[in-house]
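K.L.:
structure, please.
(one chain, ligands or ions: 1)
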Amino acid sequence: KEKVEITKEQQALMKIITDAYNRHQIPQDVAKKLLQDQYSAEENFLLLTEMATSQVQVLVEFTKNIPGFLSLDREDQIALLKGSAVEAMFLRSAQVFSRKMPSGHTEVLEERIRKSGISEEFITPMFNFYKSIGELHMVQEEQALLTTVTILTPDRPYVKDQQAVERLQETMLDVLRKLCVLQHPQEPQYFARLLGRLTELRTLSHYHTEMLASWRMNDHKFTPLLCEIWDV
Ligand SMILES: CCOC(=O)c1ccc(NC(=O)c2c3c(nn2-c2ccccc2)CCN(S(=O)(=O)c2cccs2)C3)cc1
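P.N.:
Below is the predicted model:
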């Protein structure tokens, strides 16, 4: 049985990434608004737009703390951000959703999201994903590293130096693999299950692209930042 050990450097790397990941949460006032009294579909949609926009701003800040990210080609940095923004948001959403919220809050939050003008065909896979992430009971280091692995996906559109991204992603995957073995010793397949969620995440982001088209048709407005990062 191979003795799995996280090196000093990997420990330091994990701390930088986890601290950066935890530094940004949904602004309390926005989250509170989501849980407050009745809202119309329009107001719910507006609130989600506001939250999604703040998530993108936080994503940009977070990536700056990924060791090695800022040494990548600048255009590749943009390509990685654009390519992973939706996936990172749904990963973060799943973690927000499955966090031990005060009882009843999860249901209210679910209700608001369901009543925000998003069509059922998108809502179902989204909540299935949230539940499947919740069942993993990831520790915060795993959440932060999984998001980092998602951002550092080499085969995003328009990435020129894929090798450089691959090297960074492999560094993160090695730490995540060891962490999974140490955190879930009874579940040798835990790391594989985690990576399997990234496949589910890609499917969700394809749904998202379709939804954007239908929202555009119903004349739903997005913020300039969301239009920029979602190419709408
Ligand atoms: C400051 C750090 O920010 C965060 O930590 C953060 C976390 C999660 C989110 N999540 C969301 O905004 C969000 C969305 C959906 N659900 N959902 C959600 C929110 C809370 C819990 C669980 C899920 C569905 C639709 N999209 S959308 O982008 O397609 C959209 C946009 C406009 C109309 S529809 C958004 C934001 C910020």
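
K.L.:
and the residue nearest in space to the middle of the chain, what element?
P.N.:
The centre of the chain sits closest to A88, judged by C-alpha atoms, centre = their mean, with a distance of 2.4 Å. For A88, the element it lies in under DSSP states H and E is helix 74-98.

K.L.:
is that helix in proximity to the ligand?
P.N.:
Yes - counting by C-beta under 6 Å from any ligand atom, the ligand is contacted by helix 74-98 at M89, R92, S93, V96, F97. For glycine as for every other residue, the C-beta is placed from the backbone atoms N, C-alpha and C.

K.L.:
contacting residues around the fourth one?
P.N.:
The neighbourhood of V96, defined by C-beta atoms under 8 Å, 6 or more residues apart in numbering, consists of Q25, I26, A31.

K.L.:
those in helices, which ones?
P.N.:
A31 (DSSP state H).

K.L.:
and the helix or strand of the chain with the lowest mean pLDDT, what does it pack onto?
P.N.:
Sorting the helices and strands of the chain by mean pLDDT, DSSP states H and E puts helix 28-35 at the bottom, at a mean of 72. If you count contacts as 3 or more C-beta pairs under 8 Å, 6 or more residues apart in numbering; DSSP states H and E, helix 28-35 packs onto helix 41-64, helix 105-114.

K.L.:
tell me the confidence at E2?
P.N.:
On pLDDT, E2 comes in at 69.

K.L.:
ditto for G104
P.N.:
76.

K.L.:
tell me the spacing between it and E111.
P.N.:
Computed as C-beta to C-beta, to the nearest Å, the G104 to E111 distance reads 10 Å.

K.L.:
same deal with E170?
P.N.:
Counting by C-beta to C-beta, the gap from E170 to E111 is 42 Å.

K.L.:
can you check W230 too?
P.N.:
25 Å.

K.L.:
tell me the residues on the chain that lie near the ligand, please.
P.N.:
24-27, 45, 48-49, 51-52, 54-55, 58, 89, 92-93, 96-97, 109, 113, 118, 208.

K.L.:
go with 5 Å
P.N.:
For the chain, the residues in contact with the ligand (C-beta under 5 Å from any ligand atom) are 24, 26, 48-49, 51-52, 54-55, 58, 92-93, 96-97, 113.
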